[in-house]
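> next one to model:
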Amino acid sequence: MELTINGAKHQIDIEADTPLLWVLREQLGLTGTKYGCGLAQCGACTVLVDGQATRSCVTPVDSVVGTSIMTIEAIAEDAEGQKVVEAWVANQVPQCGYCQSGQVMTATALLKQSPQPTEEDIAGAMVNLCRCGTYNAIAAAVRQAAQA
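Numbering: from 1, shown residues only. So this is what the prediction gives:
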C-alpha cells in the first residue's frame, strides 16, 4: 500500500490492520510520534491525517491510504505548526517532553480548525495526558500561537 507521510510517498508492505504508529516508528524510522497507552487515551501518538488530530496507535494503516499524514518531524514546515512550536518554546512548555509531540500535533489541528479558539475550545481539544502537569503552560502556548 502507498502512504503519503510528510509530503513523501512511501510503499509499505505490511498487514492492513497494523496500527499506523508502528508503520511510522518501525517501518519508516519516524520516532517523534510516541507510544503511550495503546488505547487512544493519552494522545502521545497523535498525528495529523488530512489536518485532523488522529491517534495513530489505534488507526489501522489501511484506513489512511489516500490521505495526507503529517508527523511531528514535519510540523515546522506547516504555518500553523510553526506558530505552535514557537509558542511552545516561548512558554517553556515541556518538562520531560514525552507527550509534547502529541500535544503540538493536537494544538496544530485545533488552530487549523479554529484559528481563534475560545478557552472552551482549548480545554475541549487539549485533552492529551501530560504526566508532568504542564496544562497551564500548554493552554498559554495555544493562546499565544492563536495570536501569532
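
> how about the nearest residue to residue 119, chain neighbours excluded?
Counting by C-beta to C-beta, 6 or more residues apart in numbering, residue 139 is the residue found nearest to residue 119 once chain neighbours are left out, at 7.8 Å. Using the backbone N, CA and C atoms, a C-beta is placed for each residue, glycine as well.

> what of residue 60?
Here the residue nearest residue 60, using C-beta to C-beta, 6+ apart, is residue 17, at 4.7 Å.

> tell me how many other residues crowd the one you found.
9 (other C-beta atoms under 10 Å).

> can you tell me the SS state at it?
Three-state assignment for residue 17 (DSSP: H, G, I helix; E, B strand; the rest coil): coil.

> related to what we said a few turns ago, number of residues surrounding the residue nearest to residue 119?
With other C-beta under 10 Å as criterion, residue 139 counts 18.

> re earlier: spit out the contact partners of the residue nearest to residue 60.
The contact partners of residue 17, taken as C-beta atoms under 8 Å, 6 or more residues apart in numbering, are 60, 61, 62.

> would you list every one of the helices in the protein?
20-22, 79-90, 100-113, 119-125, 135-147 (DSSP state H).
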